[in-house]
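> Provide a 3D model corresponding to the input given below.
(6 chains)
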6 protein chains.
Amino acid sequence: MNEPVVYLNTGFLPASQAKLNIYDLGIVLGATLTEMTRTFRHQPYRAMDHVKRLYRSLKYAGIALPLSPEEMLEKTNELAETNCKLLRPDEDLGIVHFVTPGENALYAGSAGAAGPMTPTICIHSFPLRFSMWRHLFTEGAHVVTPSIRHIPPQCVEPKMKNRSRLHWFLADKQSQAVDPRAITLLLDLDGNVTECAGSNFVIIKDSTIITPTTRNILWGVSLQTVKELAAGIGMQFIEKDFQPYDVINADEAWLTTTPYCLAPCTKINNIPIGTGKPGLWFNTMQAAWSERVGMDIETQLMRSAL
Amino acid sequence: MNEPVVYLNTGFLPASQAKLNIYDLGIVLGATLTEMTRTFRHQPYRAMDHVKRLYRSLKYAGIALPLSPEEMLEKTNELAETNCKLLRPDEDLGIVHFVTPGENALYAGSAGAAGPMTPTICIHSFPLRFSMWRHLFTEGAHVVTPSIRHIPPQCVEPKMKNRSRLHWFLADKQSQAVDPRAITLLLDLDGNVTECAGSNFVIIKDSTIITPTTRNILWGVSLQTVKELAAGIGMQFIEKDFQPYDVINADEAWLTTTPYCLAPCTKINNIPIGTGKPGLWFNTMQAAWSERVGMDIETQLMRSAL
Amino acid sequence: MNEPVVYLNTGFLPASQAKLNIYDLGIVLGATLTEMTRTFRHQPYRAMDHVKRLYRSLKYAGIALPLSPEEMLEKTNELAETNCKLLRPDEDLGIVHFVTPGENALYAGSAGAAGPMTPTICIHSFPLRFSMWRHLFTEGAHVVTPSIRHIPPQCVEPKMKNRSRLHWFLADKQSQAVDPRAITLLLDLDGNVTECAGSNFVIIKDSTIITPTTRNILWGVSLQTVKELAAGIGMQFIEKDFQPYDVINADEAWLTTTPYCLAPCTKINNIPIGTGKPGLWFNTMQAAWSERVGMDIETQLMRSAL
Amino acid sequence: MNEPVVYLNTGFLPASQAKLNIYDLGIVLGATLTEMTRTFRHQPYRAMDHVKRLYRSLKYAGIALPLSPEEMLEKTNELAETNCKLLRPDEDLGIVHFVTPGENALYAGSAGAAGPMTPTICIHSFPLRFSMWRHLFTEGAHVVTPSIRHIPPQCVEPKMKNRSRLHWFLADKQSQAVDPRAITLLLDLDGNVTECAGSNFVIIKDSTIITPTTRNILWGVSLQTVKELAAGIGMQFIEKDFQPYDVINADEAWLTTTPYCLAPCTKINNIPIGTGKPGLWFNTMQAAWSERVGMDIETQLMRSAL
Amino acid sequence: MNEPVVYLNTGFLPASQAKLNIYDLGIVLGATLTEMTRTFRHQPYRAMDHVKRLYRSLKYAGIALPLSPEEMLEKTNELAETNCKLLRPDEDLGIVHFVTPGENALYAGSAGAAGPMTPTICIHSFPLRFSMWRHLFTEGAHVVTPSIRHIPPQCVEPKMKNRSRLHWFLADKQSQAVDPRAITLLLDLDGNVTECAGSNFVIIKDSTIITPTTRNILWGVSLQTVKELAAGIGMQFIEKDFQPYDVINADEAWLTTTPYCLAPCTKINNIPIGTGKPGLWFNTMQAAWSERVGMDIETQLMRSAL
Amino acid sequence: MNEPVVYLNTGFLPASQAKLNIYDLGIVLGATLTEMTRTFRHQPYRAMDHVKRLYRSLKYAGIALPLSPEEMLEKTNELAETNCKLLRPDEDLGIVHFVTPGENALYAGSAGAAGPMTPTICIHSFPLRFSMWRHLFTEGAHVVTPSIRHIPPQCVEPKMKNRSRLHWFLADKQSQAVDPRAITLLLDLDGNVTECAGSNFVIIKDSTIITPTTRNILWGVSLQTVKELAAGIGMQFIEKDFQPYDVINADEAWLTTTPYCLAPCTKINNIPIGTGKPGLWFNTMQAAWSERVGMDIETQLMRSAL
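You can find the predicted model right below:
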């Protein structure tokens, strides 16, 4: 088969056959818990960390799965192995997990009280299209803070990676009115910096990496990697509320995220951050990361055919 | 064909074939705008009001459709006509519209910048399972205010009927821990009463119907019907922030919603509202509504085989 | 007996014997619902309105009494009749109702699970000491907004007249640092004007009486009297959020309260309101009220020996 | 005498004679500052810490006492010595201090301006009824977060231990609708975890004890004990805002409180915390505490006749 | 003299000599209260309304002037008469009042306690440059809601027209990044629409003009004019909190302001309002206004040489 | 020349000639960024730190200057050298920088679109009038928390030292109604302690200096000095939200500020802080500071003729 496979509910099937019923609560309610993992050299990176976070989200949402975390990891590895065979050596995969509570019985035409729902479980992958992110490494990212605010945790908990994300879609429209390539950085209701749609956002000041607090963000596995690597390259890592002023007057700012790991952020609301160029700490951290995964992350990203 | 049809994107197909790609932004982001209409005696009720509200939601979300509202109405009527043929005379349909921005090109394996997305458009229907709501008319609804708060409009605008609704799923779990049949009534961040997951909530005091303000709610077509009928039966209708104290000490409380139109709410957080029984104003309003639609709403609901 | 009586739990006893156990939840938790009524010419005024509000508070707090509202009114009238005999003709009574959930079994030395608590019910009275309020009529009241904010309704509902009022005690200390005779006017968390410790606060602008919204205040029976009298003297009455700016630039401001009914408020935070003198609308409203109760309210207040 | 004594205002008297006047501001305003101490083997534990915190509360509330902290401690010890004589050896006392500003002169029938009030001072005790808490050690506590929110410090300061606590009474009703044995855990207005009515609440993650910040809680003497013991058993102790997600995904959670010192909390809103069983760190901390006080705390609790 | 005059403190002087000391609290603290009036056909329009509002601002700020409102009006008229002589007939003036508390004695080198400050009083004028606003009438205004929020009234009261307006300067930079001609429309901390830097903002829905509430806005004299004219042209006028959704789905939106009176607003955040064209109600209201002032407002604006 | 000089825009001029046009945005909008530096023994102290902070403010505000920070420092030193010649040896200077975006072209009578504005740049100085602050060292400061709240950073960022400070002027009136010498200490919208108008505010507890968080304050150069000196005298320094309760029950409290460096604060809202006397830690910190600057700060302040 020269088509990738998708794991759906109980087994693997060709990607082109992976469909959801329109009555699934993922589509009816946006009630979906999710994860995104990547491979390095065709091996899933920290997949168990992602799986565990998925199960924390599910526990919070009160959804029990028939698969144990270990079984989920096994399926993940199986999918990665199969789908990586379709890649060239310099390519890698993004692997997505998502789980919904199952189908809306009423819409599906069945009686509402006909027993518990069966969760929908899906694992799928896609080749990382590195070309989409190259400009982040040549120019640096431009983050824009739109008028829309991040949802507070007493409404929807951001630490639970989920897909009720319509506000991100709308916020992106506002940000992209400022710059078509802008990446949205949401403020919370108090005006604190939180996170980007697909990445964490940190600033660097006096050799300290500062992340927004766990109150307002999904704690990324990539952010965790940055935290773990910090001491080894002579940096401190702290968690603290901060505001756009701190970003503007930081030495550097970074995005951390699964697909491209780490990118320099050089502009916020059209104002340069630090010198307005990717910084030295960025280079050092990226090098440490490349060393950890045994390949040059940026080289792959800049040169891959994708 | 003895299977209902679904309108998906460009035409009708059998319901069993109506699937969404797992890369659709409806499932990836919960970025779905939606409506629910019902039929009375197999005729869609106020369908144009629903279609117009859908287009207001789409305008807010920046999504343009190839169908005009008139065309959307036409498809809706066509679907209703077809699918009602599968019903018994005492049955009726719920008709769901939903629209998403289209598919996530990255996940789908295509280049990210490959042109604008094509929105996903769906209209489907289901027979109203009246048996699910009968207890509301014999006992009255029990609303519970959980710890989770409604999302404020500066994050996600409730006037835009949408499906980023994970917080409702979680809030229901909290409410149902108090009473398995409880209906969730969310408070806003300031502790004001807002709305239920699938219905508006109003209280009656001294012959005045009081609705929460437009700040916090989707303005239901059924709520609008209540407003229009009020003067004719000697009631006033006002919009005002209120709190659980006002509910507890109201004369009556009602739910208004598309599938069953109007139901008495007789309890909040285990405390009886008014006498704790469906009230006289409820009967009067329901009678006015039945008269308007030319059939006895409650009789259908209590007696239909569904 | 030349001592007033107090109704406590099940019957009347001399005031000097009316004590509460130190284990009563009124003292242990401040869990007390209360009312204050006054007599005019030795007759309780709107006593049933006060009793009904007490029962609304009790319903909200989930406390059921063995006495019906009608029985409570009867006891109230009986107490008033007895205690008024000790008054001179130009004097009148304040009558206080309070109810607590009963005693803390643990502190009282009994087993915690020894059955439901029996509520503590108390009615007592005191002669209205008019001399305390005379300066309000010669100079007008001076309200001060301290740094402390009113408790929001999602924490403690102000419409439930209760005695968890430590914040008023502390706020008074702040206000009285500005003026020893200052009356505290609390702002809510958003900076809106709410109410005074023992009175409602309204402003008058262009012949309209403006009260803070029901969100933030106990709706006083005296405020209700003002509302009822307004149309008869050519005034409008509306409910609306307002801020200190509106008070400073109002035509007049009033306090409404059970003991002295209505007083002019002529200063806020040392800034004169309107002309800084009691206004014409005040005189008109007070006259209407005196007419309703069949006696000159201010004459009694200024001349009574008390 | 085989009745315990109570210290009231100026001296000791039999408990059955300890009553408060209904005009006391403790009952009129809930204006009461308080403390709860316990004995271990009939000796008051950290009584001076409790007395000092009482005086901090009084300083904040602007209430000056005729007794110095040292004199208050002396009275406390005297009361403990007397009342412990009525106990069996395996029993212990809870000792309560409370202070109010004194009596409401107006209600009491005296002139309002008749000089400064004299504070009411009370110390009383009760045998700790260990049987009430045994299930906490066999099953673990179940905390529930109701819809009602904790009062913010700009309204009533939680660091001042006080008895304007009606909202706890109401919140308990909401929590106990979920589980009759539920312990209320209030969120603050921002959705952060705060404290329980009679205990502090902490979570344990990766050998670190995490307490909510001083912004939102009374800093318990038992919490302080936990902090002091942490390093000795290889734990860290930090202060940080956290949310229900963190509780659900913690390794363990504990309640700390004077009467039973430390209890495992194994469930929040019906979701198990960690394994859903009392954890190993709990056992270690409880053992350290038992060692410090020279007796096995849990043995007493499980075996005492009370 | 062919130079306009300025009134400064005690008398008139040529505009080129009107300077403020750098120690003035207007520059040191932004502590400036202000007004803007315009002339129609060289006559100040509603100047007394502006003067009265200035004195309300001054009363709120606790600043007393040696000039009475009547004297201030007289100076205003005198200045207008003088400076209008320099205008062509089709031109008109903007007239600015501003008042500061006076000079900072410390900075000025004088002793800090050397007596009360003398307020700085200034009246100056400028020709209305109609060409700046012409595009508003051909295209309609484009309002943008930036990330920055309006200051809440408990911090700085917007009903007091003042010049601590740095946030408007910063907000304009954000808005103009979306569209160089964008007009900033600030949301409040709750996401409600408030006002523009130099104009009020209203929407029209079903023949009703809806203004944000007095909580959040300076009540413009032009807004007042709109209110007064509404009934005469068959419109209602109400005050209500609303959000961007309501703007997007309004029939029309308008700016009201002193210099150009009324302008259509046709776009918000790049989304068309109503049809995206100036509406019929706008034409009707503008015509009513022109009639009231006896000249065609738009003709002047479009044709004046300025 | 025996008059001090002022640097204005492009060069030095006599102080008496330093005026601003009334059209300057500093006066029109309060759009002014500023700094205050002092000399010790006629040498500017940490002037580069102040200049750098000014440039951070300007970057945040989007204002670019023709002067580099180094050139600004040079002008500052030049001004200090010139103006110090007018001082006696025991006197010192306060040096003020302020920058505005330039002039309002419309008001100035020029076309609005006539090119970019030229910023107004000013450096001026004044002799430090030590006598104004002596009572702070004999009695200690009395801080008062008024009803007005500090502006949140999502409206105006306090880390940007600016002059849109009308709320401080109004808050001072409220505080000074309590005590004419009171220094205003603003709370934030959540009731946290923030800062004073011209100084930072810290508390000392158990040898730890606690400052409010960077969210709510301008990080003073004097506060930074305190932080740097802390370890050397055996103190810790942390950043944390705290409330008035913490101030009342602190060991000491201090003001830190450029003109007098460090002062004891001994009272808040009429309640003594700690012992109510300047504390030992204060003496130690002040001595360390004096040592760093090579002169006895308090001796100068108490004895200087100014």
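> how many neighbouring residues does A:Asn21 have?
19 (other C-beta atoms under 10 Å in any protein chain shown). Yep, even glycine has a C-beta here, placed from its N, CA and C like the rest.
> list the contacts of the residue lying closest to it once chain neighbours are set aside.
Leaving aside its sequence neighbours, A:Asn21 sits nearest to A:Glu103 (C-beta to C-beta, 6 or more residues apart in numbering or on different chains; 5.8 Å). A:Glu103 sits next to A:Asn21, A:Tyr23, A:Asp24, A:Leu25, A:Met117, A:Thr118, A:Thr120 when contact means C-beta atoms under 8 Å, 6 or more residues apart in numbering or on different chains.
> can you rerun that using 6 Å?
Taking C-beta atoms under 6 Å, 6 or more residues apart in numbering or on different chains as the criterion, A:Glu103 is in contact with A:Asn21, A:Tyr23, A:Asp24.
> would TSV of those with secondary structure be doable?
Shown next, in TSV, are these (DSSP: H, G, I helix; E, B strand; the rest coil):
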residue	secondary structure
A:Asn21	strand
A:Tyr23	coil
A:Asp24	strand
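> go through those residues and say which is closest to B:Arg303.
A:Tyr23 (26.7 Å; C-beta to C-beta).
> pLDDT wise, what is that closest one at?
pLDDT, A:Tyr23: 92.
> what of A:Pro116?
So, for A:Pro116, pLDDT stands at 75.
> how much space between it and chain D?
16 Å (C-beta to the nearest C-beta, to the nearest Å).
> spell out the secondary structure type for that residue.
coil.
> what number of residues lie near it?
By other C-beta under 10 Å, the residues close to A:Pro116 number 8.
> and it, what does it touch?
Residues counted as contacts of A:Pro116 (C-beta under 6 Å, 6+ apart): none.
> and the contacts of the one helix or strand A:His135 maps to?
Using DSSP states H and E, A:His135 sits within helix A:134-138. Identification of contacts with helix A:134-138 by C-beta under 6 Å, 6+ apart yields A:Ala263.
> now for whichever helix or strand comes after that helix, which elements pack on it?
Once the chain leaves helix A:134-138, the next helix or strand it forms, by DSSP H and E, is strand A:141-144. Judged by 3 or more C-beta pairs under 6 Å, 6 or more residues apart in numbering or on different chains; DSSP states H and E, strand A:141-144 is in contact with strand A:183-187, strand A:261-268.
> which one of those lies closest to E:Lys52?
Smallest distance to E:Lys52 across the helices and strands packed on strand A:141-144 (C-beta to C-beta): 38.9 Å, for strand A:183-187.
> following element in sequence after that closest one, please.
Per DSSP H and E, the helix or strand that comes after strand A:183-187 is strand A:193-196.
> flag every buried residue along that following strand.
Buried residues in strand A:193-196, counted by 16 or more other C-beta atoms under 10 Å in any protein chain shown: A:Val193, A:Thr194, A:Glu195, A:Cys196.
> quick one: it near chain D?
No: on the criterion C-beta under 6 Å from any C-beta of the partner chain, strand A:193-196 is out of touch with chain D, staying 13.7 Å away.
> and that strand, what does it pack against?
Packing contacts for strand A:193-196, counted by 3+ C-beta pairs under 6 Å, 6+ apart, involve strand A:183-187.
> average pLDDT across the helix holding A:His135?
The model assigns helix A:134-138 a mean pLDDT of 95.
> one step back: distance of the residue nearest to A:Asn21 relative to F:Gly294?
Distance of A:Glu103 to F:Gly294, given as C-beta to C-beta, to the nearest Å: 79 Å.
> what do you get for A:Gly234?
From A:Gly234 to F:Gly294 the distance is 35 Å (C-beta to C-beta).
> next: A:Asp188.
From A:Asp188 across to F:Gly294, the span is 46 Å (C-beta to C-beta).
> try A:Leu136
In this view, A:Leu136 and F:Gly294 are 51 Å apart by C-beta to C-beta.
> go on, A:Asn216?
Distance of A:Asn216 to F:Gly294, computed by C-beta to C-beta: 46 Å.
> try A:Leu280
If you measure A:Leu280 against F:Gly294 using C-beta to C-beta, the figure is 37 Å.
> looking at the two, which is more packed in?
For A:Leu280 versus F:Gly294, the count of surrounding residues by other C-beta under 10 Å is larger for A:Leu280: 12 against 9.
> from the stretch 1-150 of chain A, which residue is nearest to chain C?
Nearest residue of the stretch 1-150 of chain A to chain C, counting by C-beta to the nearest C-beta: A:Arg149, 17.0 Å away.
> how about the contacts made by the residue of chain A found nearest chain C?
Using C-beta to the nearest C-beta, A:Gln154 is the residue of chain A that sits closest to chain C, at 11.2 Å. By C-beta under 6 Å, 6+ apart, A:Gln154 lies in contact with B:Arg149, D:Gly191.
> which SS class is it?
Per three-state DSSP, A:Gln154 ends up coil.
> please report how far it lies from E:Met295.
Distance from A:Gln154 to E:Met295, by C-beta to C-beta: 56 Å.
> how about the residues of the stretch 101-250 of chain A near chain F?
So far as C-beta under 6 Å from any C-beta goes, the stretch 101-250 of chain A lies against chain F at A:Gly191, A:Asp241, A:Gln243, A:Tyr245, A:Ile248, A:Asn249.
> closest approach to chain D from the stretch 101-250 of chain A, which residue is it?
Evaluated by C-beta to the nearest C-beta, the stretch 101-250 of chain A has A:Gln154 as its residue closest to chain D, separated by 2.7 Å.
> per-residue confidence, that residue, what does it come out as?
Reported pLDDT for A:Gln154: 97.
> what does the one 4 residues further on give?
In this prediction, A:Pro158 carries a pLDDT score of 97.
> which helix or strand contains it?
Secondary structure assignment for A:Pro158, by DSSP H and E: no helix or strand.
> show me the contacts for it.
Counted by C-beta under 6 Å, 6+ apart, A:Pro158 has contacts A:Ile217, A:Leu218.
> cool, and A:Gly279?
Applying C-beta under 6 Å, 6+ apart, we find A:Gly279 in contact with A:Glu252.
> skipping adjacent residues, who's closest to A:Phe98 in space?
Leaving aside its sequence neighbours, A:Phe98 sits nearest to A:Thr34 (C-beta to C-beta, 6+ apart; 4.3 Å).
> wait, a strand at the one you found?
Yes: under three-state DSSP, A:Thr34 sits within a strand.
> how many neighbours does it have?
Residues near A:Thr34, counting by other C-beta under 10 Å, number 22.
> can you check the one 5 residues further on too?
Neighbour count for A:Thr39, taken as other C-beta under 10 Å: 21.
> which SS class is it?
Taking three-state DSSP as the rule, one finds A:Thr39 in the strand state.
> can you tell me how far A:Arg134 is from A:Ala141?
For A:Arg134 relative to A:Ala141 (C-beta to C-beta), the value is 12 Å.
> ok, A:His142 - contacts?
Applying C-beta under 6 Å, 6+ apart to A:His142 gives the contacts A:Asp179, A:Ala182, A:Lys267.
> near chain B, which residues of the stretch 101-250 of chain A? Just list them.
Taking C-beta under 6 Å from any C-beta, the part of the stretch 101-250 of chain A that reaches chain B is made up of A:107, A:109, A:112, A:126, A:132, A:149, A:151, A:154-156, A:162-167, A:169, A:173.
> make it 8 Å
Within the stretch 101-250 of chain A, the positions lying close to chain B (C-beta under 8 Å from any C-beta of the partner chain) are A:101, A:106-109, A:111-113, A:122, A:124, A:126-127, A:129, A:131-132, A:147-152, A:154-156, A:162-170, A:173, A:189.
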